[in-house]
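J.: attaching a predicted model along with its sequence, questions to come.
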Amino acid sequence: MASLPFISVNEPILDGNEKKYLAECIDTGWISSEGPFVKQFEQSFAARVGRNFGISVSNGTAALDAAIEAIGIKTGDEVILPAFTIISCVGQIVRVGALPVLVDSDPITWNMDVAQIESRITNRTKAIMVVHTYGLPVDIDPVLDIARRHGLKIIEDAAEVHGQTYKRKPCGSFGDISTFSFYSNKLITTGEGGMIVTDDSSLAETCRSLRNLCFLPHKRFVHERLGWNLRMNNLQAALGVAQLERLDELVARKRRMGRRYTELLNGLSGVQLPLARTETAENIYWVYGLVLDDAMGFDAEEAMRRLTTKGIGTRPFFCPMHWQPVLKSMGFFADEHYPAAERLYRQGFYIPSGMAITDDQMNRVAEAVIEVLR
Ligand SMILES: *Cc1c(COP(=O)(O)O)cnc(C)c1O
């Protein structure tokens, strides 16, 4: 086994028009954010998600930062979000002096348990951030209903669900403002990159301004608001246009990967596999996660260590927000517990799930997983 090449946790596929469009950037000299692929990518991506506006940015974290700023989250406000997510979701909430309010996970779908949202609403709550996790959409209809009844905004983090739908409507079409990442392990990638989508022209305008240092259109070096430089460049957008052309094919590849892993691992005791479908969606397996039973006798960290020695790359699941040292040291979440999220972190990890994974590699991964867990 040791002589076989290491199987990395992610490898993208870039064999469509990526090279051709990149060469166009170089041949024409358009490499900055002023290049034509940027607008093309924004328009075609927004259209694909069924939104009026797309604002490209430098990464998915930047997209969330700008979205939170644009919808006007301020000091003293509260934003409800899942405990089980990436730190990108809370960064800007905390920086503006607002309070992240956490909701535990559904142990089966690994998404936020929407039944717990309403009890977390106070008169300071301004928004609910939904995060579609690992390829299955959040059950969003009840969340939209809660938001409507309480006058709350929805921020939708769709970084893990390009091409996914909920009741046949595209993920990314549900938030007042919705965000995507195009990091290299996402379903489509620009290396680094992100996108904000919305139907609200004034939110779109604010995001465009925030992305570009809030330069005033008519007084360039005069600023009435502090923004950031979050611009995506033409090289990244060229990759994005090429990747978006084949989104359906890429989603189909991921689904095939997920089904194959499930066939290979089905019946293995002591481990929970990703849900193939809910009533509202078929899994697109952004990553193929495994959650060990508590009775296994070892945790995810130990399983990952053993798999590494067999030449298999892995990644841990998210560490829940209430366990983040940086947030605890700021006084957040003292004595709060979210048992489902804690368990996912302790017992969960994912195996190689990149776009370029081959059947042979999946066979090797599954064999190693079976050996380690037996
Ligand atoms: C990847 C990811 C992000 C962050 O995107 P970056 O482009 O890496 O900054 C945010 N939210 C979720 C749910 C993600 O998976």
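T.: Yep, it's here. Residues are numbered from 1 along each chain as shown.

J.: what's the closest non-adjacent residue to residue 43?
T.: Spatial nearest neighbour of residue 43, chain neighbours left out: residue 54 (6.5 Å); criterion: Cβ to Cβ, 6 or more residues apart in numbering. The C-beta positions use only the backbone N, C-alpha and C, and glycine is treated the same way.

J.: which strands and helices sit next to the helix or strand containing that neighbour?
T.: Residue 54 is located in strand 53-57, with elements delineated by DSSP states H and E. Where contact means 3 or more Cβ pairs under 8 Å, 6 or more residues apart in numbering; DSSP states H and E, strand 53-57 is packed against helix 36-49, helix 60-70, strand 194-198, helix 201-211, helix 234-245.

J.: residue contacts, the closest residue to the ligand within the stretch 51-200 of the chain?
T.: Of all residues in the stretch 51-200 of the chain, the one sitting closest to the ligand is residue 60 (2.4 Å; Cβ to the nearest ligand atom). Applying Cβ atoms under 8 Å, 6 or more residues apart in numbering, we find residue 60 in contact with 88, 157, 159, 179, 180, 181, 182, 183, 186, 193, 194.

J.: got it, and residue 93?
T.: By Cβ under 8 Å, 6+ apart, residue 93 lies in contact with 68, 73, 79, 81, 99, 100.

J.: swap in residue 49?
T.: Residue 49 sits next to 158, 170, 171, 172, 173, 178, 197 when contact means Cβ under 8 Å, 6+ apart.

J.: just give me the closest of those to residue 282.
T.: Taking Cβ to Cβ as the measure, residue 282 lies nearest residue 171 of the contacts of residue 49, at 12.2 Å.

J.: right, and the closest one touches residue 159 too?
T.: No - with contacts counted by Cβ atoms under 8 Å, residue 171 stays clear of residue 159, the gap being 10.0 Å.

J.: one step back: winner for burial among the helices and strands packed on strand 53-57?
T.: strand 194-198 (a mean of 30; mean count of other Cβ atoms under 10 Å).

J.: phi, psi for the residue nearest to residue 193 when sequence neighbours are not counted please.
T.: With Cβ to Cβ, 6+ apart as the criterion, residue 193 has its nearest non-adjacent residue at 3.6 Å, and that residue is residue 182. Residue 182 adopts backbone torsions of phi -120, psi 30, taken as degrees, to the nearest 10.

J.: before we move on, back to that, how near is the residue nearest to residue 43 to residue 60?
T.: Residue 54 is 14 Å from residue 60, where distance means Cβ to Cβ, to the nearest Å.

J.: cool, and residue 169?
T.: Counting by Cβ to Cβ, the gap from residue 169 to residue 60 is 21 Å.

J.: then residue 46?
T.: Counting by Cβ to Cβ, the gap from residue 46 to residue 60 is 16 Å.

J.: try residue 122
T.: According to Cβ to Cβ, residue 122 and residue 60 sit 28 Å apart.

J.: check residue 28 too.
T.: Applying Cβ to Cβ, the value for residue 28 to residue 60 is 28 Å.

J.: and residue 361, by the same measure?
T.: Applying Cβ to Cβ, the value for residue 361 to residue 60 is 27 Å.

J.: then residue 285?
T.: Taking Cβ to Cβ, one finds residue 285 at 19 Å from residue 60.
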